[in-house]
Every structure is written in structure tokens, then in C-alpha cells.
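Novice: Can you look at this prediction? I've put the sequence above it.
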Amino acid sequence: FILGWGLASALGRSLTPWILRRMEPGTAGTATFVIKLVTIVAVGAVALNIAGVKTSTLAVGGAFTAVVLGLAAQQTLGNIFAGVVLQSTRPFRVGERVRLVGGPLAGSLEGTVSSLGLFHTSILDGKDRIMVPNNVLLNLAIIPLREPRGIDIKARFDSHVSPRQVQEMLKQAITVP
């Protein structure tokens, strides 16, 4: 089993560059995790078969363990399934600005999506990094923001400068790509 664990880690490390070339970083991380998990489960089944464990005993024990772990890890499993749904439906991409609105947030949250993982999604709001659990994210309205964030400026002008002159000065001084 220990050798199989090493095999799964080595397989994940060797496939990561190939997966990163074909997928976005968030999706590639999830795909690598799934590959490692499937390899570990397969190695575990082979190891138990070599050890002589009967399949009927394994099935009963696995069912009991699944019920106990399922109840204990309900929130974690909910976040994982929500992460898979978000990865497949792609309501937003890493780097996009979004506004999240809904009851669990008690208002709204606006920022740039910095990462999308299996358990949570990270949103950057200025220097603050906010991690929103994926099962909460599925219950929110997601509004993609296409316009750049507004900028407030303070400037002092002489009393004889008109608003039209200020507008002309801003047009000449500020360019937007």
C-alpha cells in the first residue's frame, strides 16, 4: 500500500504539466487530485485482495464506514460536490470580477476570483482575500462585472476653473486601454 501511495504521488506529479497545458489551473488541480484518488483506491483494492480479505467482508465494512463518514463529513462532502459543479458549469473564471449577492452573505461581496478549488473559492477585494465555501457559493446570485472598478479622486482647482475645463483636462490626462 505504501508503494502504491508513492506511485499515486509520482503519477500526479508527472501528469501535472501535461494537464496544466490543456486546462485552467483550478480545473487542472482538481483533475490531478482525482487521478491521485483513483490510483490510491485501486492500489488499496489490490493490496486488500493480496492480503486475502474477502469481498463480502469488505463490502459490509465499507458500507458501514461510508455511512459513518458520510454523516461526519457532510459539510466537507457538500463543498467537494459543489466544487465539482462549479468546475463543470463555469459560472465565472479565475481573474474575472464578480459580485456575489445572497442570504448567506448577509448582503453582497464584490471582487476578483483568484482561485477555484474543491472546498472553497478565493475572492480578492483589494488586499483582502475572502474564501467562500463552495456550497455557500451555489446558493448565491453571481453577477459578472464587465466594467472596471470606479475610481474616486480629489483635486483642488482655482475658483475660475469651470467644470467643462476640468473635464477637458481629465480627457487629455487620462487614457483607458
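Specialist: Now that the structure is in, tell me what you want to look at.

Novice: List the buried residues in the longest strand that the chain contains.
Specialist: Ranked by residue count under DSSP state E, the longest strand found in the chain is strand 107-116. Using 16 or more other Cβ atoms under 10 Å as the test for burial, strand 107-116 gives 109, 111-113, 116. Any C-beta I mention is one placed from the backbone N, CA and C, and that applies to glycine too.

Novice: Return the closest of the residues you listed with respect to Leu15.
Specialist: Relative to Leu15, the closest of those is Leu116; by Cβ to Cβ it sits at 19.8 Å.

Novice: residues in contact with that closest one?
Specialist: By Cβ atoms under 8 Å, 6 or more residues apart in numbering, the residues touching Leu116 are 26-27, 83, 86-87, 94, 122.

Novice: For it, give the beta-bridge partners.
Specialist: Judged by DSSP bridges, the bridge partners of Leu116 are Thr121.

Novice: in this protein, which spans are helices?
Specialist: For the chain, helices defined by DSSP state H occupy the ranges 2-22, 25-51, 55-72, 74-89, 134-137, 163-173.

Novice: Gly103 is nearest to which of those helices?
Specialist: That would be helix 134-137 among those, by Cβ to Cβ, at 9.7 Å.

Novice: CA atoms only: put that closest one into PDB for me.
Specialist: The C-alpha coordinates for helix 134-137 follow below in PDB (Å, rounded to 0.1, in the frame of the first residue of the first chain):
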ATOM      1  CA  ASN A 134     -18.400  26.300  -2.500                       C
ATOM      2  CA  ASN A 135     -21.700  25.000  -1.100                       C
ATOM      3  CA  VAL A 136     -22.500  28.600   0.000                       C
ATOM      4  CA  LEU A 137     -21.400  29.900  -3.500                       C
END
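
Novice: Can you pull out the low-pLDDT segments for the chain?
Specialist: The chain contains residues with pLDDT under 70 at 26, 55, 148-151, 177.

Novice: Give me the residue at the spatial middle of it.
Specialist: Leu116 (1.5 Å; Cα atoms, centre = their mean).

Novice: hang on, the earlier thing: off-centre distance for the longest strand of the chain?
Specialist: Here strand 107-116 is found 11 Å from its chain centre; the criterion is Cα atoms, centre = their mean, to the nearest Å.

Novice: Would you mind getting the angle between it and helix 25-51?
Specialist: Going by axes from the mean of the first three to the mean of the last three Cα atoms, to 10 degrees, strand 107-116 is angled at 60 degrees with respect to helix 25-51.
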